[in-house]
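Novice: what's the 3D shape of this:
(2 chains)
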Amino acid sequence: MATTTAAITLTSADLLTDALSLSATNTLTKAGSTIGLDQTTGMARAYLTSTTPIDIFPAIVENGTDLRAFNGKSSWVYICNKSEDETEYITVKICENVIGKLYAGDFLWMPWSQPADVTNAANHHGDITIAPSVTTGMYAEFTCINEGVEYHAENLAIA
Amino acid sequence: MATTTATITINSTDLLTDELALTSTTTLTTAGTSTGVTQTTGLARKTMTFASSGVIDSEVLYRSDDYTADKANKVYIKNTSTTPAEYFEIMITGAGGTAGGGVTELGRLYAGDWAFFPWNATGGTKETFIATIAGTWVAGETWEFDGVNIAAANTTAADIAAQIDAAQFPNWVTSRSGAAVTFVSRWSMDAGTVVTATADIVIVQTGGSDATSVVSSAAMGTKSLSDIYIKPSVHTGMTYECMLIHE
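Specialist: Residues are numbered from 1 along each chain as shown, chains lettered A, B, ... in the order given. Modelled structure (predicted):
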């Protein structure tokens, strides 16, 4: 069993009248257990030159009535915009819905349920996509630490 | 200008053959600038409890209409539970949906888990209509809507409209021009029909009066596209902490 921890600190001496000094740490475990997560996509570093959204983890696809194997399991996503240009951002979506924009240096850390879509039949699903704001090239880093992801069979036809 | 920094550290000595030791720090700035964000909800803490497991429901953690859309907002949420099986579902509204129409589950925060992510706060369109005071009014006649009851102070339409505009409505904000009061819903919503207010305004007339309130320019709203919902897995009480840092 692996032990992986994620910690955050949020600090500011002047955002509020009182100093902000928030810290939180958690150990990444499988859903509803104390067993550590043991799988990861590894840290990817990509140079993106198109503003078209791309799916950064294995796509969640329909397979008849079969629910996704890792739907509702524990997965954690880290995405960081490595640009140093403050005007450049990465738009992060799930299920084609915009979550938010990561400006230069920003990161996100969020759980991901790898959910199947209950309202769309055309592979919208819970895929996480990113799209840079410019075509001149932006670096992004991302990883997923999880209980498992669905790797597709060879030549899988996607509707 | 405030300076607020967020640092994430992800460590593991045994997830991979190589040690994982990631640290990333960012200064929270307004969209597209190097100017620090200056507003926050502060750190909130709330326990969600329901009467039974059958009536567990979500609540809106952050409503897009309350913030400026398309900015560099950041959300922090933590599940303070210490019971491994207890989790909060974190959901976001939008066009697609994985947790019912128009709602997508981002993920689940189990005991001790926290999340930190950007938030676009894209609202929808607010429902609106105009109510124009017309006809002959008698002082004391009442105009009722949205649980608010106005008794006409005199017979002048513009004065009655001013009384309506001065009132505070639970679900609407108002502005006035002469005898016409424009109502705008406080939140974006797709009600499915054009302005239910048409039928909801009640005027209690006295004998011989033809007091009326004419509804016009009614326009239906559209749903918000990024409200954040939170839903506990058990009804017996789960506590979360959250903070929004925003423009």
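
Novice: hey, where'd the helices end up in chain B?
Specialist: B:157-166, B:197-200 (DSSP state H).

Novice: ignore the last one, chain A
Specialist: With helices called from DSSP H, chain A shows none.

Novice: Name the spans of it whose pLDDT lies under the cut-off.
Specialist: The model of chain A has pLDDT under 70 over residues A:61-68, A:116-124, A:156-159.

Novice: so what's the residue nearest to the spatial centre of it up against?
Specialist: Nearest to the mean C-alpha position of chain A, counting by CA atoms, centre = their mean, stands residue A:77 at 3.6 Å. Listed by CB atoms under 8 Å, 6 or more residues apart in numbering or on different chains, the contact partners of residue A:77 are A:57, A:108-112, A:128, A:142-144, B:107. Quick note: C-beta positions are derived from backbone N, CA and C, even for glycine.

Novice: and the gap between it and residue B:140?
Specialist: Per CB to CB, to the nearest Å, residue A:77 is found 62 Å from residue B:140.

Novice: can you map out the strands along chain A?
Specialist: A:4-12, A:20-27, A:39-40, A:44-48, A:54-55, A:75-81, A:89-94, A:97-103, A:107-111, A:128-132, A:138-146 (DSSP state E).

Novice: got those strands as CSV, with distance to residue B:32 columns?
Specialist: Shown next, in CSV, are the strands of chain A (distance: least, CB to CB, whole Å):
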stretch, distance to residue B:32
strand A:4-12, 20
strand A:20-27, 23
strand A:39-40, 32
strand A:44-48, 18
strand A:54-55, 22
strand A:75-81, 12
strand A:89-94, 7
strand A:97-103, 7
strand A:107-111, 17
strand A:128-132, 14
strand A:138-146, 14
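
Novice: if I pick the residue of chain B positioned farthest from its centre, what's in contact with it?
Specialist: Within chain B, residue B:17 marks the point farthest from the mean C-alpha position, 46.1 Å out by CA atoms, centre = their mean. If you count contacts by CB under 8 Å, 6+ apart, residue B:17 has none.

Novice: Any idea which helix or strand in chain B has the lowest mean pLDDT?
Specialist: The helix or strand of chain B with the poorest confidence is helix B:197-200; it has a mean of 58 (mean pLDDT, DSSP states H and E).

Novice: What separation do you get for the closest residue to residue B:235 other than its chain neighbours and chain A?
Specialist: Spatially, and ignoring its direct neighbours in sequence, residue B:235 is nearest to residue B:50 (3.8 Å; CB to CB, 6 or more residues apart in numbering or on different chains). Here the criterion is CB to the nearest CB, to the nearest Å. By it, residue B:50 lies 19 Å from chain A.

Novice: If we ignore the residues flanking it in sequence, what's nearest the residue nearest to the centre of chain A?
Specialist: Residue A:77's closest residue in space is residue A:112 (CB to CB, 6+ apart), at 4.9 Å.

Novice: show me what contacts that neighbour?
Specialist: A:75-77, A:94, A:126, A:128, A:144, A:146, B:106-107.

Novice: got it, and residue A:79?
Specialist: So residue A:79 contacts A:56, A:90, A:92, A:102, A:107-108, A:128, A:130, A:140-142 (CB under 8 Å, 6+ apart).
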